[in-house]
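Undergrad: Got a sequence here, can you build the structure:
(one chain, ligands or ions: 1)
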Amino acid sequence: MGTWQTLDVRGTAAEARAREVVHEALDAGVRFIDSSPMYGEAERVLGEALGGRRDEAVVATKVWTSDAAEGEAQVERALRWYGGRVDLYQVHNLVAWPEQLAMLERHRDAGEVRAIGATHWNPSAFGELAEVMRSGRIVAIQIPYNPHEREVEREILPLAEELGLGVVVMRPLGAGRLMRAAPGDAELAPLREFGVRTWAQALLKWVLLDRRCTVAIPATSRPERTRENAAAGAPPWFDDDARARVARLAGAGRQ
Ligand SMILES: NC(=O)c1ccc[n+]([C@@H]2O[C@H](COP(=O)([O-])OP(=O)(O)OC[C@H]3O[C@@H](n4cnc5c(N)ncnc54)[C@H](OP(=O)(O)O)[C@@H]3O)[C@@H](O)[C@H]2O)c1
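TA: Next up, the predicted model:
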């Protein structure tokens, strides 16, 4: 599950609802939750929502600054919020990655960070991302992938497979844009045999059929949608025809 915007909330009522999103997600089987200091209050709200359930989640967050002291401060805060351990620490948008990787490696060697990764959303940075992947210093990447954003198929996914890197898929629903013209029941009917009831589930299964993708992280502010999204993380998986159908249904005319 992602947390951009959805957990960037402040105030008693909004934070109670955010807690509900996190708890419903855990109850529904969501295990991987991604955040970043770029997402305002989200890291803190996630940490407080996890509370005594911290060990049920694989927590991924990010360092996002070119300033060394601020990078250390971001890590110290995250370690406080996540019980002294971050499971996957990523360099957000590759900002100052040589310096930030060295800093994260020190925390990994101290046992506070389990794994290190790097993220970028923009295809214009994929050349640099490939360079970091080849450095041998990261074990996972985070990239956008959905029927309207397929640039990673050219170099990044094949390279991740070659190097054995984990792949975290951001924006599996196109940041919500792919949900705006959802196909109707009749168009989704041929996908029912794959356990698909909704368009969001079709899009998530579209990502997850690609076995190079380790995990998809849809974000939602609605507790009830966490169960719907989590259900798409279980088999049966699409065959190639079903996957092609989803890409057709998501066609350019629907953007
Ligand atoms: N590293 C980076 O540069 C970067 C960039 C972007 C994102 N990310 C990460 O990736 C995560 C996911 O990306 P994203 O949040 O941009 O987009 P997304 O997950 O593709 O889409 C989120 C949007 O989809 C809606 N939605 C979720 N489930 C739905 C459902 N079942 N039915 C209908 N609508 C649904 C949400 O609205 P509701 O709240 O109304 O459900 C929200 O507006 C982020 O939260 C963040 O953790 C990283």
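Undergrad: wait, what's in contact with the residue of the stretch 1-150 of the chain found nearest the ligand?
TA: At 2.2 Å from the ligand, residue 2 is the closest residue in the stretch 1-150 of the chain, using Cβ to the nearest ligand atom. Any C-beta I mention is one placed from the backbone N, CA and C, and that applies to glycine too. Residue 2 is in contact with 33, 34, 170, 217, 218, 219, counting by Cβ atoms under 8 Å, 6 or more residues apart in numbering.
Undergrad: Let's see the PyMOL selection covering just the buried ones among the residues you listed.
TA: To isolate the buried members of the contacts of residue 2 in PyMOL, using 16 or more other Cβ atoms under 10 Å:
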select buried, resi 33+34+170+217+218+219
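Undergrad: taking the contacts of residue 2 one by one, which sit in helices?
TA: Among the contacts of residue 2, DSSP state H puts none in helices.
Undergrad: Just give me the closest of the contacts of residue 2 to residue 58.
TA: Of all the contacts of residue 2, residue 58 sits closest to residue 33, with 7.3 Å by Cβ to Cβ.
Undergrad: So which residue is dead centre in the chain?
TA: Closest residue to the average C-alpha location of the chain: residue 217 at 3.4 Å, with Cα atoms, centre = their mean.
Undergrad: and that residue, how far is that from residue 136?
TA: Plainly put, residue 217 is 25 Å away from residue 136 if you go by Cβ to Cβ, to the nearest Å.
Undergrad: Ok, residue 49 next?
TA: Residue 49 is 35 Å from residue 136, by Cβ to Cβ.
Undergrad: Looking at these two, which one has more neighbours?
TA: Counted by other Cβ atoms under 10 Å, residue 49 and residue 136 do not tie: residue 49 has more neighbours, with 23 against 8.
Undergrad: so who does that one touch?
TA: Taking Cβ under 8 Å, 6+ apart, we find residue 49 in contact with 7, 18, 19, 21, 22, 23.
Undergrad: Great, nothing more from me.
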